[in-house]
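Chemist: Could you look at this predicted model? Sequence included:
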Amino acid sequence: MTTTTCTAASTRVRSLPVLLATEDDAEDMGLLAPDDRLTCHVHGRWIHQCVASPAHVSPVTRHRWCRGCRCELSVAVDELSQTVAMTCPRCGRGGSAATARLTVACRASLAAERAARRAA
Ligand SMILES: [Zn+2]
Ligand SMILES: [Zn+2]
């Protein structure tokens, strides 16, 4: 199910408001996991544009959180090279399954935003 959603999102070009509404519906219907969203329903933006916000840090699920250092990971988004990195400012690591998934979503949203801009 996750694979299907990802493929649909990457092959069809959709503007931010359209994709935001689509993902809200898909999430409500249980077809899309919050972690796999390319848009953020809290901030109304592409996920890579607001992932640096404190709202995206969760010590419980370990999204953007280094358990060893008990601090939030810093985010580096490079729109030119389309890279996203999240690392702990103290130990330089801090990875977790949740953070890895968030990073993948950010890379996908970078690509989706670029595609939407080209199509506009
Ligand atoms: Zn957000
Ligand atoms: Zn750390």
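Modeler: All right, it came through fine. Ligands and ions are numbered 1, 2, ... in the order given.
Chemist: Contacts only, for the residue lying closest to residue 69 once chain neighbours are set aside.
Modeler: Of all residues not flanking residue 69 in the chain, residue 90 sits nearest, at 4.2 Å (CB to CB, 6 or more residues apart in numbering). For every residue, glycine as well, the C-beta is placed using N, CA and C. For residue 90, the contact set (CB atoms under 8 Å, 6 or more residues apart in numbering) comprises 66, 69, 71.
Chemist: same check, this time on residue 80
Modeler: So residue 80 contacts nothing (CB under 8 Å, 6+ apart).
Chemist: can you redo the contacts of residue 90 as a markdown table with neighbour count, distance to residue 85 and secondary structure?
Modeler: Listed next are the contacts of residue 90 as a markdown table, based on neighbours: other CB atoms under 10 Å; distance: CB to CB, whole Å; DSSP: H, G, I helix; E, B strand; the rest coil:
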| residue | neighbour count | distance to residue 85 | secondary structure |
| --- | --- | --- | --- |
| 66 | 23 | 14 | strand |
| 69 | 15 | 17 | coil |
| 71 | 16 | 16 | strand |
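Chemist: Check the secondary structure at the residue nearest to residue 69 for me.
Modeler: Reduced to three states with DSSP: H, G, I helix; E, B strand; the rest coil, the structure at residue 90 is coil.
Chemist: got it, and the one 4 residues further on?
Modeler: Reducing the assignment at residue 94 to three states with three-state DSSP gives coil.
Chemist: Can you tell me how far it is from ligand 1?
Modeler: 20 Å (CB to the ion, to the nearest Å).
Chemist: if I read this right, that residue contacts residue 75, doesn't it?
Modeler: No. With contacts counted by CB atoms under 8 Å, residue 94 stays clear of residue 75, the gap being 11.5 Å.
Chemist: Neighbour count for those two, which is higher?
Modeler: residue 94 (22 against 19; other CB atoms under 10 Å).
Chemist: how would you label the closest residue to residue 63 other than its chain neighbours: helix, strand or coil?
Modeler: Distances taken as CB to CB, 6+ apart put residue 98 closest to residue 63, at 4.6 Å, once the chain neighbours are dropped. What three-state DSSP gives for residue 98 is helix.
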